[in-house]
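K.L.:
Mind looking at a prediction? Sequence and model below.
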Amino acid sequence: MKNKLKIVLITLFFIISMNNISFASQNDENKNDLSTEEYEVSNETSQNYINKQLEKINIGQLEQELKNNELFKDLNLKQYIKDLIKGEAKLTDLINIQSLKNLILQQLSASLKVIIMIIVLALLSSILKSLESSFSSGEVTKIVNYIIFITMVTLVLVNFKDVLSIAYTTVNSIISIVNILIPILLSLMVVGGLTATSATLSPVFVGGVSVINLVFKNIIFTLITLAFCVLVVNNLSKNIKLKRFSELLKKANIVIVGAVFIIYLGLISIQGIYVTSFDKFTVKSAKFAVGSFIPVIGNFVSDSVDILLSSSLLIKNIFGSIGLILLIGICLVPIIKIFSIIIVYKIGAAIVEPIGEDNISSFMDETSKLMTVILVSVLAVLIMFFITISILTSLSIAS
């Protein structure tokens, strides 16, 4: 009797266990189905929100600015952003590589023509120097040498003016792009919950951009032009000695660039760190309060806020990344142009030194150093605003 009872109990236990397993598996399947549906709904909601936000953002000025650049003139920015979000485009697709190659080859060709003309002038000066004894008076040779030097100065002046114009235009383009990007990124920061951070950083960025624009256009480039004029006068005659004054102006430029660089980056870094903490605390507290104290729909509202913040963060990061690529693309060709001209003058000075007059070689070398200061100035502006956009892009509630 006891054995039969044991068999019945074991059988019942086995049946109940099988039913529980069956119910559990059904529940798991239902949960999986629900989670899949929730993901699809969440993904669809995010995409709709992102599309609406993109339609609201005015990027007409940015597109107009890009049309002036050879590398971006055929770019449809809004469609590119949508493709980038969907994963159908890459950040590297932003720059037209073929146009970049053509521009580099054009600049190299122009630079080679310059160095050939300078070497020809140096050779002519050397030939006249060797024939100096054939002339009845050395004054004739001096006059001819002056003419050759002035011709070379005219040639160098045209190149120097081109370099200065390239630098001025590049800085102007960087400032224009940054003035368009910063309001967009700050507004997306507000939507993403960084209200206090946006309000605090806005005057710092606006004031910083204006000061940098003023310093580089009206002070740095003016001092460099003055240094070049002093350099020309210094090399006209051995009796005129203004080399130290030219070097002083050059060093003053470097000090001003360094000071602006350190002060600006220090300000935006300190401001961004402490204000973001306040925004994080505020948003997380609000989400906790909504989720805990509002019955029934509290969790739904909290999840909706998460979707909104995440979508805004995605759009901000996309714009920030595109902004960084645009800054590099805008500066890439001008930097290559200036760098190639500097190399040409360095090579020219080395070739001319053994065959031409000392003042010609010295003038070319000093001019290349001034052009290097111009290049450093452009790079400093690029790095400052590259870091600015990077900081704005990296700031978020989750960071």
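P.N.:
Alright, I've got the coordinates.
K.L.:
Kindly state the pLDDT recorded for residue 259?
P.N.:
In this prediction, residue 259 carries a pLDDT score of 91.
K.L.:
Actually, residue 204.
P.N.:
79.
K.L.:
For it, give its distance to residue 236.
P.N.:
47 Å (Cβ to Cβ, to the nearest Å). (C-beta placed from N, C-alpha, C; glycine too.)
K.L.:
now swap in residue 67 and tell me
P.N.:
45 Å.
K.L.:
for residue 316, same thing?
P.N.:
Applying Cβ to Cβ to residue 316 and residue 236 gives a distance of 56 Å.
K.L.:
Please identify which of those two sits among more neighbours.
P.N.:
Applying other Cβ atoms under 10 Å to residue 316 and residue 236 shows that residue 316 carries more neighbours, namely 25 against 15.
K.L.:
what residue ranges in the protein score low on pLDDT?
P.N.:
1-59, 69-71, 73-75, 85-96, 129-141, 192-193, 271-312, 356-357, 396-399 (pLDDT under 70).
K.L.:
Quick one: the strands in it, in order.
P.N.:
Here the chain has no strands by DSSP state E.
K.L.:
Helices of that one, start to end?
P.N.:
Along the chain, the segments classed as helices by DSSP state H run 2-56, 60-67, 77-86, 97-130, 138-191, 195-214, 221-236, 243-293, 298-352, 358-394.
K.L.:
Could you give me the buried positions within the fourth one?
P.N.:
Put plainly, it is helix 97-130. Within helix 97-130, the residues scored as buried using 16 or more other Cβ atoms under 10 Å are 99-100, 103, 107, 111, 114-115, 118-119, 121-122, 124-126, 128.
K.L.:
by contact count, what packs against it?
P.N.:
With contacts taken as 3 or more Cβ pairs under 8 Å, 6 or more residues apart in numbering; DSSP states H and E, helix 97-130 sits against helix 138-191, helix 298-352, helix 358-394.
K.L.:
Next, the buried residues of the shortest one.
P.N.:
Right, the one you point to is helix 358-394. So, applying 16+ other Cβ under 10 Å, buried residues of helix 358-394: 359-375, 377-378, 380-382, 384-389, 391-393.
K.L.:
what's the angle between that helix and helix 221-236?
P.N.:
Helix 358-394 and helix 221-236 are oriented at 170 degrees to each other (axes from the mean of the first three to the mean of the last three Cα atoms, to 10 degrees).
K.L.:
now for helix 358-394, which elements pack on it?
P.N.:
Helix 358-394 packs on helix 97-130, helix 138-191, helix 195-214, helix 221-236, helix 243-293, helix 298-352, going by 3+ Cβ pairs under 8 Å, 6+ apart.
K.L.:
Ok, which of those comes nearest residue 82?
P.N.:
Of all these, it is helix 298-352 that lies closest to residue 82, at 9.6 Å by Cβ to Cβ.
K.L.:
Now do the contacts for residue 341.
P.N.:
Listed by Cβ atoms under 8 Å, 6 or more residues apart in numbering, the contact set of residue 341 reads 111, 114, 159, 162-163, 371.
K.L.:
Against residue 77, how distant is residue 165?
P.N.:
For residue 165 relative to residue 77 (Cβ to Cβ), the value is 27 Å.
K.L.:
The two: who's more crowded?
P.N.:
residue 77 (16 against 12).
K.L.:
ok, now how distant is the closest residue to the more buried one other than its chain neighbours from residue 330?
P.N.:
Spatial nearest neighbour of residue 77, excluding adjacent residues (Cβ to Cβ, 6 or more residues apart in numbering): residue 63 at 5.1 Å. Relative to residue 330, residue 63 is positioned 14 Å away (Cβ to Cβ).
K.L.:
If you count surrounding residues, which of these two has more?
P.N.:
residue 330 (23 against 15).
K.L.:
Tell me if I'm right that that one and residue 171 touch.
P.N.:
No - applying Cβ atoms under 8 Å, one finds residue 330 not in contact with residue 171, separated by 10.2 Å.
K.L.:
For residue 245, list the residues it contacts.
P.N.:
Contacts of residue 245 by Cβ under 8 Å, 6+ apart are residue 230.
K.L.:
distance of it from residue 234?
P.N.:
8 Å.
K.L.:
do the same with residue 241
P.N.:
7 Å.
K.L.:
The two: which is more packed in?
P.N.:
residue 234 (20 against 9).
K.L.:
Neighbours of the residue nearest to that one when sequence neighbours are not counted, how many?
P.N.:
Among residues not flanking residue 234 along the chain, residue 242 sits closest, at 4.1 Å (Cβ to Cβ, 6+ apart). Counted with other Cβ under 10 Å, the neighbours of residue 242 add up to 17.
K.L.:
Could you verify my assumption that residue 242 touches residue 232?
P.N.:
No - counting by Cβ under 8 Å, residue 232 is not a contact partner of residue 242; they are 9.6 Å apart.
K.L.:
what sits against the nearest residue to residue 118 once chain neighbours are set aside?
P.N.:
Distance criterion Cβ to Cβ, 6+ apart; nearest residue to residue 118, sequence neighbours excluded, is residue 348 at 4.8 Å. The neighbourhood of residue 348, defined by Cβ under 8 Å, 6+ apart, consists of 114-115, 118-119, 364.
K.L.:
6 Å instead, please
P.N.:
Going by Cβ atoms under 6 Å, 6 or more residues apart in numbering, residue 348 touches 115, 118, 364.
K.L.:
Make a markdown table out of these and add distance to residue 191.
P.N.:
Listed next are the contacts of residue 348 as a markdown table, based on distance: Cβ to Cβ, whole Å:
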| residue | distance to residue 191 |
| --- | --- |
| 115 | 54 |
| 118 | 57 |
| 364 | 55 |
